[in-house]
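*Asks:* Sequence plus predicted model, see below.
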Amino acid sequence: MFNRAVSQMEIHMPHVALLSSPGLGHIIPVIELGKRLVLQHNLKLTILVVASQTSEAEDQLMKSVMSDKLCDIVEVAVPDISDLIDANDGIVTRLRVMMRQVCPSLRSVLCSLRPSVLIVDIFGFEALSIAEELKIPKFIYVASHAWFTSLLIYTTVLDRQVQGQYVDQEEPFQIPGCSPVRPEDVFDPMLDRNTREYQEYLRVAFGMLKSDGLLLNSWEDVQHKDLESLRDPDLLGGILKVPVYGIGPLVRPAESNSQDSNRNLFDWLDKQSFESVIFVSFGSGGTLSFEQTTEVAWGLELSQQRFIWVTRPPTAGRADSAFFSTGDGGSQQSDRDDHHPSNFLPEGFLSRTKNIGVVVQQWAPQAALLSHPSVGGFLSHCGWNSTLESLTNGVPMIAWPLYAEQRMNATLLEEELGVAVRPKVLPTKKVVERDETATMVKQIMKLNNNPIRDRARLIQHSALKALSEAGSSFIALSQLAQQCQKCPNQ
C-alpha cells in the first residue's frame with residue numbers, strides 16, 4: 001500500500017475513490033482522470049488499484065503519482081484465482097474473475113475510507129453495490145469512446161434480437177443514433193456466443209446500466225453523434241437513463257527522455273528530420289506470429305522510411321497472449337537472450353537497417369516518442385490509450401487491430417475520423433504482406449498534400465480545445481466535480 005500524510009484542509013474536501021482493474025491500459029486513464037479531479041477541481045482522491053502482481057512499469061507509475069503528493073494509492077490484492085480460470089480464458093474473463101473475487105477486500109477498504117463518491121472502470125461494476133450500501137453516488141469511467149460504449153450497452157438488446165453467431169450475420173448491426181457496426185468489427189467476446197467470455201462480457205453490458213452516470217474518454221467535437229445517442233432517452237431502446245459526460249482525451253504526459261536507458265534512443269531521434277520517423281508498436285499486450293513479424297520487418301525495410309520498432313518475440317498463440325505478462329518497462333525479462341530481436345527478425349535485417357531504424361526490445365517511452373517532432377507516423381494495434389496519444393500529438397496512423405475492441409477503433413480512425421489507413425484484410429484473418437505494409441508506410445509518411453496528415457492535425461487542435469477551460473470536456477468534468485462537491489463526507 002502507498003500512502004501519504006493528509007492535510008487538515010483535505011479532511012473537509014469531498015473524497016473521491018477511483019477504482020482501476022489490473023493492467024497499464026486501465027491504470028493509466030484512471031490516474032489521468034484522478035489528476036484532473038485533484039488539480040483542476042480541488043477534490044481529495046484515493047485510487048484503488050486491483051493487482052494480482054504489479055509490473056515494474058505499474059509500480060513506477062504509481063510511485064510517480066505518490067511523489068507528486070496528489071493522492072493516496074491503495075493496492076487491493078487479488079486472491080489466488082488459478083482454480084477459477086482456464087488456460088484458454090480470454091482477457092475479459094480473467095479481469096471479471098479478478099474483480100469479482102476482490103469484492104470482499106474492496107468492501108473493507110471502502111468502508112474504512114468512507115468516500116463521498118465512487119468511480120469505477122467498466123470491469124469493476126460489481127463495486128457499485130458497495131456504493132449503494134454506503135449510500136454514495138457511483139459512476140462508471142469508460143476509458144474508451146462513445147461508439148464502443150453504445151455497442152457495449154446495446155448488446156443487451158442484440159443478445160435477444162440476433163439469432164446465431166454475430167460474426168455470421170450478413171448485415172451490419174444497427175445501433176440507434178450511431179454508425180452501424182460490421183459483424184467483423186465486433187468485440188472479441190462477441191466472436192463466439194457459446195463461450196464463458198461472452199457471458200462475462202454480457203454481464204459487463206448489464207452492469208453499465210447500474211451507475212448514476214458514465215464518464216467517457218472521448219470528446220464532443222469528434223463524437224457528438226454517438227454521445228447524443230447515449231444521452232437520448234428514446235435511443236438505445238431507452239435502456240440508459242443516466243447522464244453521459246465526454247471528458248477526454250485524457251492521456252498520460254510524455255515520459256522523461258533523460259533516463260540513461262532511453263538516452264541513445266532520443267539522441268538518435270534528435271538527429272532525424274521533422275516528421276520523418278514512423279513509430280511501430282503493438283502495445284503492452286499485443287503479439288504477432290513469426291510469419292507476420294517477418295513481413296513487418298521486410299515492409300519497413302522496403303519502405304526505406306526511418307523507424308523505431310518496439311519488438312516482442314513472436315507467438316503461435318493468441319494475439320493478446322502478452323496482456324498479463326508484459327508492461328515490465330525494461331525489467332530483466334526484456335534482456336533475456338531468447339528475446340533479442342536477432343533471434344526472430346529476418347537474417348541481416350538489423351545490419352541492413354542500422355542507418356535508418358532503431359529496434360527496441362519489449363518497451364519504449366511511447367508518449368514521449370509520439371510527442372517528438374521527428375515522429376510523423378504510428379503503426380499501432382489501436383488500443384484506445386495509444387490512439388489518444390497519437391491523436392493528441394497530430395500523428396497519423398496505420399491501424400493494425402489485434403484484439404478486444406481494436407477492430408472497431410480501426411474503423412473509427414479510418415472511416416469516420418480520416419486519420420489512418422489500414423490493411424485490406426484484418427491482420428487477425430490474414431498475414432499482411434511486406435509490399436502492402438511498405439505502401440501504407442509511404443502513404444501516411446508523405447509530408448505534403450497528405451489529407452490524412454492534415455486531418456490528424458485538425459483532430460489534435462480539436463482535442464486541445466476540448467480540454468481547455470472553455471472546452472466541452474473541461475466543462476463536462478466540471479459538472480461532475482460540482483456534483484461531487486455537493487456530496488457530504490461520509
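*Replies:* Thanks, I have the structure now. This is a predicted model, so every value here is computed, not measured.

*Asks:* what residues go with each domain of the chain?
*Replies:* 9-252+466-485, 260-463 (automatic domain parsing).

*Asks:* Need the mean per-residue confidence for the lengthiest strand in the chain.
*Replies:* Assignment by DSSP state E gives strand 44-51 as the longest strand of the chain. Mean pLDDT, strand 44-51: 92.

*Asks:* for that strand, packing partners?
*Replies:* Under the contact criterion of 3 or more C-beta pairs under 8 Å, 6 or more residues apart in numbering; DSSP states H and E, strand 44-51 touches strand 15-20, helix 24-39, helix 56-67, strand 72-77, helix 103-113. In short, each C-beta sits where N, CA and C put it, glycine included.

*Asks:* can we see that at 7 Å?
*Replies:* strand 15-20, helix 24-39, strand 72-77, helix 103-113 (3 or more C-beta pairs under 7 Å, 6 or more residues apart in numbering; DSSP states H and E).

*Asks:* Tell me the strands beside the first one, with direction?
*Replies:* By that I understand strand 15-20. strand 44-51 (parallel), strand 117-121 (parallel) (DSSP bridges).

*Asks:* would JSON lines of these with distance to Gln169 be doable?
*Replies:* Converted to JSON lines, those look like this (distance: least, C-beta to C-beta, whole Å):
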{"stretch": "strand 44-51", "distance to Gln169": "35"}
{"stretch": "strand 117-121", "distance to Gln169": "29"}
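
*Asks:* Please identify the most buried of those strands.
*Replies:* strand 117-121 (a mean of 27; mean count of other C-beta atoms under 10 Å).

*Asks:* Please point out which parts of the helix or strand just after that strand sit buried.
*Replies:* Following strand 117-121 in sequence order, the next helix or strand is helix 128-134 (DSSP states H and E). In terms of neighbour count (16 or more other C-beta atoms under 10 Å), helix 128-134 has its buried residues at Leu128, Ile130, Ala131, Leu134.

*Asks:* Contact partners for the first one?
*Replies:* Spelled out, it's Leu128. Each residue near Leu128 by C-beta atoms under 7 Å, 6 or more residues apart in numbering is listed here: Val120, Lys138, Lys210, Ser211.

*Asks:* Okay, now the unreliable bits of the stretch 201-350 of the chain?
*Replies:* Filtered on pLDDT under 70, the stretch 201-350 of the chain yields the residue ranges 256-261, 317-338.

*Asks:* For it, which segments are assigned as strands?
*Replies:* 214-216, 244-246, 277-281, 306-311 (DSSP state E, counting those that start in this stretch).

*Asks:* want to throw these into CSV with distance to Pro176 and mean neighbour count?
*Replies:* As requested, the strands of the stretch 201-350 of the chain are arranged in CSV below (distance: least, C-beta to C-beta, whole Å; neighbours: other C-beta atoms under 10 Å):
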stretch, distance to Pro176, mean neighbour count
strand 214-216, 17, 25
strand 244-246, 15, 23
strand 277-281, 36, 26
strand 306-311, 40, 22
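
*Asks:* and the ones you listed as TSV, adding distance to Lys486?
*Replies:* TSV is the format used below for the strands of the stretch 201-350 of the chain (distance: least, C-beta to C-beta, whole Å):
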stretch	distance to Lys486
strand 214-216	17
strand 244-246	16
strand 277-281	43
strand 306-311	45
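
*Asks:* Select, out of the ones you listed, the one closest to Gly90.
*Replies:* The stretch from the strands of the stretch 201-350 of the chain with the least distance to Gly90 (C-beta to C-beta) is strand 277-281; that distance is 21.8 Å.

*Asks:* Give me the helices and strands touching that closest one, please.
*Replies:* Looks like strand 277-281 contacts strand 306-311, helix 366-370, strand 375-380 (3+ C-beta pairs under 7 Å, 6+ apart).

*Asks:* Pull out the buried residues from the contacts of Leu128.
*Replies:* Val120, Lys138, Ser211.

*Asks:* Ignoring the adjacent residues along the chain, who's closest to the first one?
*Replies:* Same thing as Val120. Computed as C-beta to C-beta, 6 or more residues apart in numbering, the closest residue to Val120 that is not its neighbour in sequence is Leu19, at 4.2 Å.

*Asks:* Looking at that neighbour now. What's its pLDDT?
*Replies:* 97.

*Asks:* which residues does it contact?
*Replies:* Leu48, Leu118, Ile119, Val120, Asp121, Gly124, Ala127.

*Asks:* can you check Pro396 too?
*Replies:* Gly377, Val419, Ala420, Ile444, Ile452, Arg453, Ala456.

*Asks:* and these, which of them are in helices?
*Replies:* Assignment to helices by DSSP state H places the following of the contacts of Pro396 there: Ile444, Ile452, Arg453, Ala456.

*Asks:* could you list every residue that touches the third one?
*Replies:* Same thing as Arg453. Counting by C-beta under 7 Å, 6+ apart, Arg453 makes contact with Pro396.

*Asks:* What's the separation between it and Phe378?
*Replies:* Separation of Arg453 from Phe378 (C-beta to C-beta, to the nearest Å): 12 Å.

*Asks:* Need the contacts of Pro396 in JSON lines (columns: pLDDT and distance to Ser82).
*Replies:* Formatted as JSON lines, the contacts of Pro396 follow (pLDDT from 0 to 100; distance: C-beta to C-beta, whole Å):
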{"residue": "Gly377", "pLDDT": "98", "distance to Ser82": "42"}
{"residue": "Val419", "pLDDT": "98", "distance to Ser82": "42"}
{"residue": "Ala420", "pLDDT": "98", "distance to Ser82": "39"}
{"residue": "Ile444", "pLDDT": "97", "distance to Ser82": "43"}
{"residue": "Ile452", "pLDDT": "98", "distance to Ser82": "46"}
{"residue": "Arg453", "pLDDT": "97", "distance to Ser82": "48"}
{"residue": "Ala456", "pLDDT": "98", "distance to Ser82": "44"}
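
*Asks:* hmm, back to that, out of the contacts of Leu128, name the two that are farthest from one another.
*Replies:* Pairwise distances across these (C-beta to C-beta) peak at 10.3 Å, for the pair Val120 and Lys210.

*Asks:* What separation do you get for Arg455 and Trp147?
*Replies:* 18 Å.

*Asks:* Comparing those two, which residue is more hemmed in?
*Replies:* Trp147 (25 against 16; other C-beta atoms under 10 Å).

*Asks:* pLDDT score assigned to that one?
*Replies:* Listed pLDDT for Trp147 reads 97.

*Asks:* Leaving out the residues flanking it, which one is nearest to it?
*Replies:* Here the residue nearest Trp147, using C-beta to C-beta, 6+ apart, is Asp226, at 4.8 Å.

*Asks:* Likewise for Ala127?
*Replies:* Val120 (5.1 Å).

*Asks:* hang on, isn't the one you found packed against Ile140?
*Replies:* Yes: under the criterion of C-beta atoms under 7 Å, Val120 makes contact with Ile140 at 5.9 Å.

*Asks:* Please identify the helix or strand for Ser462.
*Replies:* helix 451-467.

*Asks:* could you check the angle strand 375-380 makes with that helix?
*Replies:* Note on geometry: by axes from the mean of the first three to the mean of the last three C-alpha atoms, to 10 degrees, helix 451-467 and strand 375-380 are set 90 degrees apart in direction.

*Asks:* What residues of the following helix or strand past helix 451-467 count as buried?
*Replies:* Counting by DSSP H and E, the next helix or strand C-terminal to helix 451-467 is helix 472-485. Neighbour-count burial for helix 472-485, counted by 16+ other C-beta under 10 Å, picks out Ser472, Ser473, Phe474, Ile475, Ala476, Leu477, Leu480, Ala481, Gln483, Cys484.
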